[in-house]
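Peer 1: What shape does this take:
(one chain, ligands or ions: 1)
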Amino acid sequence: MQRFETAKAAALELRPDEPVYCFHPEVLKADARDFMAMFPGKTAYAVKTNGEPMVLKTLAEAGVKAFDVASPGEFAAVRAVAPDAEMLYMHPVKAQSDIRLALETYGIRVIAVDHEDEIVKLTRIVRALDIDPGSVEVYVRIQTKGHAAYELSKKFGAGPAQAVELLQRLARTGYKVGICFHVGSQIEDPDTYDRALKTADWVRNRAGVELCGLDVGGGFPAEYGHDPNRKAPEMPSLSQLMSRFRGDLREWGFGDTPLVAEPGRVIVARAFSLIVRVLLRKGRRLYINDGIWASLSDSWTGKITLPARFIPDPAIRSRNGDVSNIVPFKVCGATCDSVDILSRPFWLPETVDTGDWIEIGHIGAYSLSLRTRFNGFYPDTFVEVATPFHEGGKPEGFASLETMAAG
Ligand SMILES: *Cc1c(COP(=O)(O)O)cnc(C)c1O
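Peer 2: As a prediction, this is how the structure comes out:
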């Protein structure tokens, strides 16, 4: 992989017409280590967030020893780069053949369920393979309520009374049992974990079984941009959130329970930025060479304002406007699809024009893992960049991220 000091240096040297992913391995390591230092339990990185071999390998180097996996493709991806890592199979709804593969071929012994028929599937395989149920940890996924950019409790999770029954049934069969939840991705309300812990406490007290662990899932928010003309959303910093979370855990009596977290977004978001090119400026619209069917679908559906930095093409000699005037541009994606328009604008200097580049920051989560080949566009160029997006200066203009940090 080619290395550059900054994304701007990469853009000006390569003059790319295709999107270029800028990998920041030191940021990835630092963010993973920070999370592990703040979380009082096992950290299992959620592979679906970004399962690139370079990411999994760098995380293993940073000391991540466990991975949350959901499919045969993810089992193989983790095994290939981190053969000694533990895998936690936390998808509540699984194919029977995948359960078998997990237990038999990959030696996975931690698994999640949210329905009695999933227990039937699991037990069928456990018996067929002559595995001692006492060597398998089965986590019952409970429903939670809260506010997040992505709410998942409508799709997965057992109601509290049903969770009690599932735990008791699993314990009777001889499994080790735990409770897990996943509050959704990018939480927008700091009370979310407290509410989930309250439900977990209720379920534990009614079930009367010994818990081998509590898995608190993901959802920890990454830092993005926001409309600089509005007040910054009031979310505590990650370290404030985690310190409150540790207090909540003690308060709800989970201080002595072995804990697991499955962070994805918060660990990998800052590890990549993305250089895109403005193919055409049409008034306050920018047509760029990426979009919702490639790297930007998460920002589209999650209504996330991405921080963007202007990289002007020095070949453009005359420009209109004032570079310090930051305005919102509607962003149209590369495909011919009419829905391929971002739901949130990029905030950029009004001088941006056809042929310029934009460095989009904090794009490591749910970006390249969601790329499609739709319309023949498939960004797949990577460079390594030493300077993290959040440390880069203001090349010519500003990024909404910097406005956010100031406000
Ligand atoms: C997606 C997912 C995660 C990761 O969520 P983030 O919000 O990215 O931290 C963790 N656990 C499960 C079960 C998931 O489905």
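Peer 1: near the ligand, which residues of this protein?
Peer 2: With CB under 6 Å from any ligand atom as the criterion, the chain meets the ligand at residues 46, 48-49, 68, 90, 182, 185, 217-220, 262-266, 365. For glycine as for every other residue, the C-beta is placed from the backbone atoms N, C-alpha and C.
Peer 1: among those residues, which are in helices?
Peer 2: For the residues of the chain next to the ligand, the ones inside helices are 265-266, with DSSP state H as the criterion.
Peer 1: Now G73: closest residue in space, sequence neighbours ignored.
Peer 2: Once flanking residues are discounted, G73 sits nearest to G51: 7.8 Å by CB to CB, 6 or more residues apart in numbering.
Peer 1: got a pLDDT number for the one you found?
Peer 2: At G51, the pLDDT value in this model is 98.
Peer 1: Make 250 the starting number, not 1.
Peer 2: Got it, the first residue is 250 from now on, which makes the last one we talked about G300.
Peer 1: Against the ligand, how distant is it?
Peer 2: 12 Å (CB to the nearest ligand atom, to the nearest Å).
Peer 1: Surely that residue touches E323?
Peer 2: Yes - between G300 and E323 there is a contact under CB atoms under 8 Å: 6.1 Å.
Peer 1: can you give me the end-to-end distance of stretch 477-486?
Peer 2: End-to-end span of stretch 477-486 (CA to CA, to the nearest Å): 18 Å.
Peer 1: mean confidence for it?
Peer 2: Here the average pLDDT along stretch 477-486 is 77.
Peer 1: residues of that stretch that come out buried?
Peer 2: Neighbour-count burial for stretch 477-486 flags P477 (criterion: 16 or more other CB atoms under 10 Å).
Peer 1: What of stretch 610-623?
Peer 2: By 16+ other CB under 10 Å, the buried positions in stretch 610-623 come out as 610-620, 623.
Peer 1: In CSV, list the C-alpha atoms belonging to it.
Peer 2: Extracted in CSV, the C-alpha atoms of stretch 610-623 (Å, rounded to 0.1, in the frame of the first residue of the first chain):
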residue,chain,number,x,y,z
GLY,A,610,-13.6,11.8,7.7
HIS,A,611,-14.6,9.2,10.2
ILE,A,612,-15.9,6.8,7.4
GLY,A,613,-14.4,3.5,8.7
ALA,A,614,-17.7,2.0,10.0
TYR,A,615,-20.3,0.5,7.7
SER,A,616,-18.8,2.0,4.6
LEU,A,617,-16.6,-0.4,2.7
SER,A,618,-18.4,-3.3,4.2
LEU,A,619,-21.6,-2.2,2.5
ARG,A,620,-20.1,-1.5,-0.9
THR,A,621,-22.1,-2.9,-3.9
ARG,A,622,-21.1,-3.2,-7.5
PHE,A,623,-24.3,-1.4,-8.6
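Peer 1: what distance separates that stretch from the middle of the whole chain?
Peer 2: Averaged C-alpha coordinates place stretch 610-623 at 10 Å from its chain's average position (CA atoms, centre = their mean, to the nearest Å).
Peer 1: I'd like the average pLDDT over it.
Peer 2: Across stretch 610-623, pLDDT averages out at 96.
Peer 1: Looking at the protein, which helix is longest?
Peer 2: Per DSSP H, the chain has its longest helix at helix 441-456.
Peer 1: now that helix: mean pLDDT?
Peer 2: Averaging pLDDT along helix 441-456 gives 96.
Peer 1: what kind of secondary structure is E367 in?
Peer 2: Under DSSP: H, G, I helix; E, B strand; the rest coil, the three-state class of E367 is helix.
Peer 1: What is the neighbour count of it?
Peer 2: E367 sits with 23 neighbouring residues when counted by other CB atoms under 10 Å.
Peer 1: Same question for F272.
Peer 2: Using other CB under 10 Å, F272 has 20 neighbouring residues.
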